[in-house]
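Asks: What follows is a predicted structure for the sequence shown.
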Amino acid sequence: DSGVTQTPKHLITATGQRVTLRCSPRSGDLSVYWYQQSLDQGLQFLIQYYNGEERAKGNILERFSAQQFPDLHSELNLSSLELGDSALYFCASSAGWSVTDTQYFGPGTRLTVL
Amino acid sequence: GQQVMQIPQYQHVQEGEDFTTYCNSSTTLSNIQWYKQRPGGHPVFLIQLVKSGEVKKQKRLTFQFGEAKKNSSLHITATQTTDVGTYFCAASGGSNYKLTFGKGTLLTVNP
């Protein structure tokens, strides 16, 4: 158990819909990262928040947005969903903001878009 | 953007055989990390290498960072069934402040 929690575990929805994925970092960690894992693209970095502020951006689509709240939990919002958005979404957390900090991954949310 | 090539994509071995996975980059890397993901699980951090030519060991696992800091390898000696999973390298370089993951090597072990 990494100490990072993600809800829900599974999500099934239809094209065009909007969903929210939630992540709680390990106690004391200030950074939260979001990743998308699909069979063809592998593990893709989406976005990082550090202490409530956006720190780094990766291959995140405009239809996707995220935020980190004062209690440091984070939410990833996915809208106008397409079939290709079906994937595993992982959240990770680390103590600091640096890319050299160890990242601890949560169990993931499996999103299925029908 | 930064690209990290990882080979092989799959490796099937008999229990007791050795296993190696390689990561290569065309640009100099600042650091490289290795992760393991068990089937149905999440990536778990194994180790980080930052120095040119660095070698680190964890029991049967040996991690190397190339002299030019453009490649890295993970070697497992005498594989066991508990080694099954996908091994990922992840790297950052230059002004790149995010980790780029390789596609991973899926290791299966025949008992």
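Replies: Everything's here; your move.
Asks: per-residue confidence for residue 23?
Replies: Picking chain A for this. Here, the pLDDT recorded for A:Cys23 equals 98.
Asks: nope, chain B please
Replies: 97.
Asks: Bridged to it, which residues?
Replies: Judged by DSSP bridges, the bridge partners of B:Cys23 are B:Gln6, B:Ser72.
Asks: what's the distance between it and chain A?
Replies: B:Cys23 sits 13 Å away from chain A, going by CB to the nearest CB, to the nearest Å. For the C-beta atoms, the positions are set from N, CA and C on the backbone; glycine is no exception.
Asks: All the helices of chain A, in order from the start?
Replies: Assigned by DSSP state H, the helices in chain A number zero.
Asks: need the residues of it near chain B, please.
Replies: By the rule CB under 8 Å from any CB of the partner chain, the part of chain A lying against chain B is A:2, A:42-45, A:48, A:55-56, A:58, A:90, A:92, A:99-100, A:102-108.
Asks: Now a PyMOL select for only the buried ones of those residues.
Replies: The PyMOL command for the buried members of these (criterion: 16 or more other CB atoms under 10 Å in any protein chain shown) is given here:
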select buried, chain A and resi 2+42+43+44+45+48+55+56+58+90+92+99+103+104+105+106+107+108
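Asks: for chain A, what spans make up the strands?
Replies: A:5-7, A:10-13, A:19-24, A:31-38, A:42-50, A:53-57, A:64-68, A:74-78, A:87-94, A:104-105, A:109-113 (DSSP state E).
Asks: Near residue 12, how many residues? Count them for me, please.
Replies: Since you didn't name a chain, this refers to chain A. 12 (other CB atoms under 10 Å in any protein chain shown).
Asks: please go with chain B instead
Replies: Going by other CB under 10 Å, the residues that sit close to B:His12 add up to 11.
Asks: quick one: pLDDT of it?
Replies: 97.
Asks: contacting residues for the residue nearest to it when sequence neighbours are not counted?
Replies: Leaving aside its chain neighbours, B:His12 sits nearest to B:Thr108 (4.8 Å; criterion: CB to CB, 6 or more residues apart in numbering or on different chains). B:Thr108 makes contact with B:Tyr10, B:Gln11, B:His12, B:Val13, B:Val84 under the criterion CB atoms under 8 Å, 6 or more residues apart in numbering or on different chains.
Asks: give me the element B:Thr108 is part of.
Replies: strand B:105-110 (DSSP states H and E).
Asks: Give me the sheet partners of that strand and which way each runs.
Replies: Assessed with DSSP bridges, strand B:105-110 is paired to strand B:10-14 (parallel), strand B:85-92 (antiparallel).
Asks: What would the first one look like as CSV? C-alpha coordinates only.
Replies: Taking only C-alpha atoms (Å, rounded to 0.1, in the frame of the first residue of the first chain), the coordinates of strand B:10-14 have been written out as CSV:
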residue,chain,number,x,y,z
TYR,B,10,8.5,-8.7,-23.9
GLN,B,11,10.7,-11.3,-22.4
HIS,B,12,9.8,-14.8,-21.4
VAL,B,13,12.3,-16.7,-19.3
GLN,B,14,12.6,-20.0,-17.4
